[in-house]
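Peer 1: Here's my sequence, what's the structure:
(one chain, ligands or ions: 2)
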Amino acid sequence: MINQTVQTLTIAGTDSGGGAGVMADIKTMQERHVFAAAVVVAVTAQNTIGVQDFMAMPKKMIEEQFASVAGDLKIRACKTGMLADVATVEAVVENLKKYDLGPLTVDPVMIAKGGARLLSEDAIATVRNELLPLADLLTPNLPEAEELTGTKIETKDQMTTAAKKLQELGVKNVIIKGGHQTSSKESSDFVLLESGKSFWVSSPRIDTVRTHGTGDTLSSCITAEIAKGKDMETAIRIGKKYVQATIANGIEVGHGHGPLNHWAKISDEEVED
Ligand SMILES: Nc1ncnc2c1ncn2[C@@H]1O[C@H](COP(=O)(O)OP(=O)(O)OP(=O)(O)O)[C@@H](O)[C@H]1O
Ligand SMILES: Cc1ncc(CO)c(N)n1
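Peer 2: Ligands and ions are numbered 1, 2, ... in the order given. All right, here's what the predicted structure looks like:
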């Protein structure tokens, strides 16, 4: 009876300030009642004010963490976050191909809220060409979708066109997050599923600076729900509802872009079209 508990994995960078990256992922997965494991591919010296420094893990250490996790746990779904540079993306791709870690969510983290680069510019092509074809779900924000498609995205129509372009790059399902569209009263994300079905998930935009780790929280909540066996659409709807609750029920930590309230509760039954 080993490995019966639903287990998930985050492959990402740490945030010493506790609000984003591996820390946000684990808090989210824990709150969504799945077991969370972590392959740490980078360490950041970071807080709510910004990213002061970061260092990518050596390839050998990344490989060893994957081997340790895969050699013992039964991972039902996994996600990637900050991947730092070309060598790190390549190491992650190699290991994702080597082990069965369940459906993969790729959060193509590029730039932190304070402006620090978390993925080197030359690694964007590696993500696009090598990682995206492995993804069951891709969760870019607007600037990330722009980088990956090479197009400007300012309107809702441009979001739908970009989602199609991203699917053409090999990802099965896409959610383009509209969190950066600050002029809009709603925070609306566009979803394009493998089946061709598309829809918007929207919630009232909350006027707050406490939005550190929103993307990590959304993608790790969706990953947790997929691990539990939820279909992609339901998992995405729960993710959107959870991230909204974590922003709406703010906590007071730090002096800058504060972290979310991962204790926030939602009722899964309320998730509907
Ligand atoms: N102020 C806000 N009010 C309500 N929802 C928001 C707000 N900001 C972001 N969201 C939602 O949070 C989720 C993450 O979107 P966002 O575009 O902020 O991701 P991100 O830039 O990758 O985040 P981060 O880099 O901080 O992890 C989306 O569902 C988005 O609609
Ligand atoms: C380590 C890390 N991953 C992701 C993000 C983006 O939220 C961040 N700020 N830091």
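
Peer 1: could you measure His212 against ligand 1, distance?
Peer 2: According to CB to the nearest ligand atom, to the nearest Å, His212 stands 6 Å off from ligand 1. (Each C-beta comes from the backbone N, C-alpha and C, glycine too.)

Peer 1: and what of Ser188?
Peer 2: According to CB to the nearest ligand atom, Ser188 stands 7 Å off from ligand 1.

Peer 1: swap in Ala264?
Peer 2: For Ala264, the distance to ligand 1 equals 13 Å [CB to the nearest ligand atom].

Peer 1: One more: Glu194?
Peer 2: 20 Å.

Peer 1: tell me the phi and psi of that residue?
Peer 2: phi -60, psi -40 (degrees, to the nearest 10).

Peer 1: Which residue, other than its chain neighbours, is closest to it?
Peer 2: Leaving out its chain neighbours, the residue that sits closest to Glu194 by CB to CB, 6 or more residues apart in numbering is Lys172, at 4.3 Å.

Peer 1: Hmm, Pro133 and the one you found touching each other?
Peer 2: No. Counting by CB atoms under 8 Å, Lys172 stays clear of Pro133, with 9.8 Å between them.

Peer 1: quick one, which of the two is more surrounded?
Peer 2: Neighbour tally, Lys172 and Pro133, criterion other CB atoms under 10 Å: the higher count belongs to Lys172, 17 against 12.

Peer 1: give the contact list for that one.
Peer 2: 135-137, 194 (CB atoms under 8 Å, 6 or more residues apart in numbering).

Peer 1: From the residues you listed, pick the one nearest ligand 1.
Peer 2: Leu137 (13.3 Å; CB to the nearest ligand atom).

Peer 1: how much space between the closest one and Val89?
Peer 2: 18 Å (CB to CB, to the nearest Å).

Peer 1: Likewise for His212?
Peer 2: Distance, His212 to Val89, using CB to CB: 23 Å.

Peer 1: Between these two, which is the more surrounded one?
Peer 2: Neighbour count, other CB under 10 Å: between His212 and Val89, His212 has more, with 28 against 24.

Peer 1: For the more buried one, give me the pLDDT.
Peer 2: In this model, His212 is scored at 95, pLDDT.

Peer 1: what's near enough to touch whatever residue of the stretch 101-250 of the chain ends up closest to ligand 2?
Peer 2: Closest to ligand 2 within the stretch 101-250 of the chain is Ala112: 3.7 Å, counting by CB to the nearest ligand atom. Taking CB under 8 Å, 6+ apart, we find Ala112 in contact with 20, 46, 50-51, 118.

Peer 1: Most neighbours of all those, which one?
Peer 2: Highest neighbour count within these: Ala20, with 31 neighbours (other CB under 10 Å).
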